[in-house]
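Student: have a look; sequence and predicted model below, questions after that.
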Amino acid sequence: MLRKIIAIELMLIAFSITAFAQREQISLDGQWSFMIDSTKQGISNKWFANGMPQTKENVQVPHTWNVKKETARYWGWAWYQRNMEVPKSWKGKIIRLQFNAVYHDATIWVNGVKAGEHKGSGFTRFFIDATKYLKTGAQNTITVLADNSFSNTTIPYSVSFDWPNDGGIIRSVSMLVTNPVYMEQVQVNARPDFTNAAKPTGLAAIKVTVPGLEKMDPKQMTCEIAVTEENQPTSKIIYDGTPALNFQANNLLCQLNFDSIHLWHFDNPNLYKVNVTLRYKNKITDTFSVNTGFRELKVQGDAFVFNGEKIRIAGAEIMFGSSLKNGMAETNEELEAYLKKAQYLNVMFTRFHWQQGDFVHDWCDRNGVLTQEEIPIWGNKVFMTDTIMQIAKSQLSEMVADHWNHPSIISWGVGNEISARDANNIKGVKELYQFTKALDGSRLSSYVSNTLQQARSWMPAGTLPDASAEGDMLMFNDYHTTWYRQSHGTNAAVLDTIQAENRTMPLVISEFGLCEPENWGDDTRRLKDMIYSYALYESKPYIAGAIYFCVNDYRTHMGGGIYGIHNTRVHGVYDLEGKPKPSAEVLREMNCPVEVSGLNRNKENMIAITVVAATGLPAYTLRGYKVYWSNDVTNYQTQGEMVALPTVIPGKLTDLFFKNNYNDKGVLTIENGRGKMVYQKVIRSTFVY
């Protein structure tokens, strides 16, 4: 009882603070009532108005029922319900429910009245305006019906996808409380200008969306904007003022110029915080903050140019939703565990088969991981019908709007592994590509293919170009010796033919790897195939990027392996429990941007180390790197010597010399410009030159 009293007192304190805030966000995570509804009685019995049956249970939201033994293979209806007190001070406010993801169909009632729904899209954030349904100064009931039935009117489509079909309120829920004049969204398009390559300047085009703006007096509307260095060594304010505004429908538009900026780069992911204060009739009505970064990615011929430099990129894909305890309702700690494994593997580039939440994107922003985020169209059973196209466009609109400000996102994906030689599908992919570019012309857009290897010159007359050719880059899932049942010796010819048959554009190997037990072998074969594939791809200069599939073994509703109650795919260099396989260390070295080409003891009894900036995958200029020679894998920064690498372009050799303090043996550690370890090995050298 004492704990309940304390909790109520803390809640009242929070509510009293809300009364004086311009914007407040109250978490609705935690305990909800829950019940499976396999016979679909809930609507006819009006559970949303009369309450759920006594057989209900309590669960912790975020939540999915598909990690519980009894309901692991249940696809259907389930209900969530909770009560909450709404203080009198919220009268006159706009109150919205924010659902970060409900998989995949959601219907919401407030106090027994249907307030809204979100269908066909289980991984995107949505909002329900609950203002007119809530009672201030009283208890209120929120009810959610979630449905994960396989369906032909959702994306993912029917059973045609190879990851978990976890139903429920799988991400956080909150209540947003604002004044009637509020900002729905702030989008910042931050771009560098390389006219002076030595000192780039910056431009930020800012769009502030204010619902109902067209009915207000624009002369009495202002935005105060402050732009501050966010995760950098300093916290300088680079802009603080009230810019001139242009008005377009419900949007306020302005443009800011900066004489000096720090670029966002995967080795130095510099962020800026943009704080916007909205005033109407000389009163502050709302505040809104977003992070952004100044960076530029362009396609030049068959290459990527990032911040003015031609680069090659590499990494691996993470298959989230594989928590044995929480499934798709993973905690931030579980998400970070995946991400840290990817970081250890030197992943600088990845893709997401489905839309991710804020935590993942924020982490990638801060840790320099380039990403392609995709709508979850997958499988050769998917055809671009009018229904699928409508849902796809809705998902693209939500995804792009929601994640606009993340500098780590360099590309939007419109689909993966459908029947890409079908004329209607090609038309659909092209339409989705053009739709996405209209939403966001500052990023790349692509379709990921598993049929590019079916070269037209080898196929029957009339075979159509692959749908991947409609995007900004070719993305090819290359399973030449596994799913495609071919020999290593013919892989190079296939890649050359893909390059020759399409217009000049970058080719990205968007997946490659070994899935067992469907394909023979174990981690020994995985390791050998990995080494062979990297060597092949690095020898092809038109291959601008490669993504290994994948970081971790993962849960799926499909077949494959079985782990307890979970269907799994054995695809990763880490197992389902997070333990590394031998191939993990090899993948880490393959993705390392610096190579050690020599290590000897010279005639002066100095350890001589030759390092070279990699020219394969990845390849880019190394800036601010440090090399340590010590006898300690943990305390190498304080126990040994350090030499700072000069700026090193790909292919350039650099000789370094250290004292031979450890009897011809030592720990060689290399860090990038922000202190992330990219290489570490215990090495012995006795050869004297």
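Tutor: Everything's here; your move. Numbering: from 1, shown residues only.
Student: look up how far Ser419 lies from Leu464.
Tutor: 11 Å (CB to CB, to the nearest Å). Where you see a C-beta, it was placed from the backbone N, CA and C, and this is true even at glycine.
Student: now stretch 280-297 - C-alpha only, PDB.
Tutor: Presented in PDB, the C-alpha positions along stretch 280-297 are these (Å, rounded to 0.1, in the frame of the first residue of the first chain):
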ATOM      1  CA  TYR A 280       1.700  32.700 -31.600                       C
ATOM      2  CA  LYS A 281       0.300  36.100 -30.700                       C
ATOM      3  CA  ASN A 282       3.500  36.700 -28.800                       C
ATOM      4  CA  LYS A 283       3.000  33.700 -26.500                       C
ATOM      5  CA  ILE A 284       5.100  30.500 -26.500                       C
ATOM      6  CA  THR A 285       2.800  27.700 -27.500                       C
ATOM      7  CA  ASP A 286       5.200  24.800 -28.100                       C
ATOM      8  CA  THR A 287       8.800  23.600 -28.100                       C
ATOM      9  CA  PHE A 288      10.300  20.800 -30.200                       C
ATOM     10  CA  SER A 289      13.900  19.400 -30.400                       C
ATOM     11  CA  VAL A 290      15.500  17.200 -33.100                       C
ATOM     12  CA  ASN A 291      19.100  16.100 -33.800                       C
ATOM     13  CA  THR A 292      20.600  16.300 -37.300                       C
ATOM     14  CA  GLY A 293      24.000  16.000 -39.000                       C
ATOM     15  CA  PHE A 294      25.600  17.600 -42.000                       C
ATOM     16  CA  ARG A 295      26.600  15.000 -44.600                       C
ATOM     17  CA  GLU A 296      26.200  14.300 -48.300                       C
ATOM     18  CA  LEU A 297      26.100  11.000 -50.200                       C
END
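Student: break this protein into its domains for me.
Tutor: The record's domain parsing of the chain by automatic domain parsing lists 2-174, 185-295, 298-590, 594-684.
Student: switch those domains over to CSV; also include mean neighbour count.
Tutor: As requested, the domains of the chain are exported to CSV (neighbours: other CB atoms under 10 Å):
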stretch, mean neighbour count
domain 2-174, 18
domain 185-295, 16
domain 298-590, 20
domain 594-684, 17
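Student: Throw those domains into CSV and include mean pLDDT, thanks.
Tutor: Output for these, formatted as CSV (pLDDT from 0 to 100):
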stretch, mean pLDDT
domain 2-174, 90
domain 185-295, 96
domain 298-590, 95
domain 594-684, 94
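Student: each with direction, which strands does the strand or helix carrying Ile547 pair with?
Tutor: Element membership of Ile547, judged by DSSP states H and E, is strand 543-549. Strand partners for strand 543-549, identified by DSSP bridges, are recorded as strand 313-317 (parallel), strand 507-511 (parallel).
Student: check the spacing between the spatially most distant residue from the centre of the chain and Gln22 real quick.
Tutor: Distance from the C-alpha centroid of the chain, by CA atoms, centre = their mean, peaks at Lys603 (50.9 Å). Lys603 sits 71 Å away from Gln22, going by CB to CB.
Student: Val210 too?
Tutor: In terms of CB to CB, Val210 sits 13 Å off from Gln22.
Student: likewise for Tyr447?
Tutor: Tyr447 is 42 Å from Gln22, by CB to CB.
Student: turn the strands paired with strand 543-549 into CSV, columns for distance to Lys283.
Tutor: Output for those, formatted as CSV (distance: least, CB to CB, whole Å):
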stretch, distance to Lys283
strand 313-317, 48
strand 507-511, 50
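Student: of all the ones you listed, which lies closest to Leu263?
Tutor: strand 313-317 (16.2 Å; CB to CB).
Student: quick one: the helix or strand hosting Thr497 to strand 507-511, angle?
Tutor: Using DSSP H and E, Thr497 sits within helix 491-501. Inter-element angle recorded for helix 491-501 and strand 507-511: 130 degrees (by axes from the mean of the first three to the mean of the last three CA atoms, to 10 degrees).
Student: elements contacting helix 491-501?
Tutor: With contacts defined as 3 or more CB pairs under 8 Å, 6 or more residues apart in numbering; DSSP states H and E, the packing partners of helix 491-501 are strand 507-511, helix 523-538.
Student: C-alpha coordinates for the last one, CSV please?
Tutor: Output of helix 523-538 as CSV, limited to C-alpha atoms (Å, rounded to 0.1, in the frame of the first residue of the first chain):
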residue,chain,number,x,y,z
ASP,A,523,30.6,-22.3,-39.5
THR,A,524,33.7,-23.8,-41.1
ARG,A,525,32.1,-23.4,-44.5
ARG,A,526,30.6,-20.0,-43.5
LEU,A,527,34.1,-18.8,-42.8
LYS,A,528,35.7,-20.1,-46.0
ASP,A,529,32.8,-18.7,-48.2
MET,A,530,33.2,-15.3,-46.4
ILE,A,531,36.9,-15.0,-47.2
TYR,A,532,36.3,-16.1,-50.9
SER,A,533,33.4,-13.7,-51.3
TYR,A,534,35.2,-10.7,-49.9
ALA,A,535,38.2,-11.4,-52.1
LEU,A,536,36.0,-11.6,-55.2
TYR,A,537,33.9,-8.5,-54.4
GLU,A,538,37.0,-6.4,-53.6
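Student: quick check: angle from that helix to strand 507-511?
Tutor: 170 degrees.
Student: what does helix 523-538 contact?
Tutor: 478, 481-482, 488, 491-492, 495, 509, 512-514, 516, 543, 546, 548, 573, 581-583, 586-587, 590, 615-617 (CB atoms under 8 Å, 6 or more residues apart in numbering).
Student: then stretch 151-164?
Tutor: 66, 104-105, 119-122, 150, 165, 319, 321-322, 327-328, 353-354, 375-382, 387-388, 391-392, 395, 554-558, 569.
Student: returning to what we had before: how far off centre is the helix holding Thr497?
Tutor: Its chain's C-alpha centre and that of helix 491-501 lie 30 Å apart, by CA atoms, centre = their mean, to the nearest Å.
Student: does Lys310 touch Ala303 like I think?
Tutor: Yes - in this structure, Lys310 is within contact of Ala303 by CB atoms under 8 Å, at 5.0 Å.
Student: would you list every one of the helices in the chain?
Tutor: 2-18, 47-50, 332-344, 358-367, 386-403, 423-439, 491-501, 523-538, 582-590, 636-639 (DSSP state H).
Student: the fifth one - contacts with which helices or strands?
Tutor: By that I understand helix 386-403. Partner elements for helix 386-403 (3+ CB pairs under 8 Å, 6+ apart): strand 409-416, helix 423-439.
Student: now do that helix against helix 423-439, angle only.
Tutor: Here helix 386-403 points in a direction 30 degrees away from that of helix 423-439 (the same axes, to 10 degrees).
Student: helix 386-403 vs strand 409-416, what angle?
Tutor: 170 degrees.
Student: could you give the angle of helix 386-403 to helix 358-367?
Tutor: Relative orientation of helix 386-403 versus helix 358-367 (the same axes, to 10 degrees): 50 degrees.
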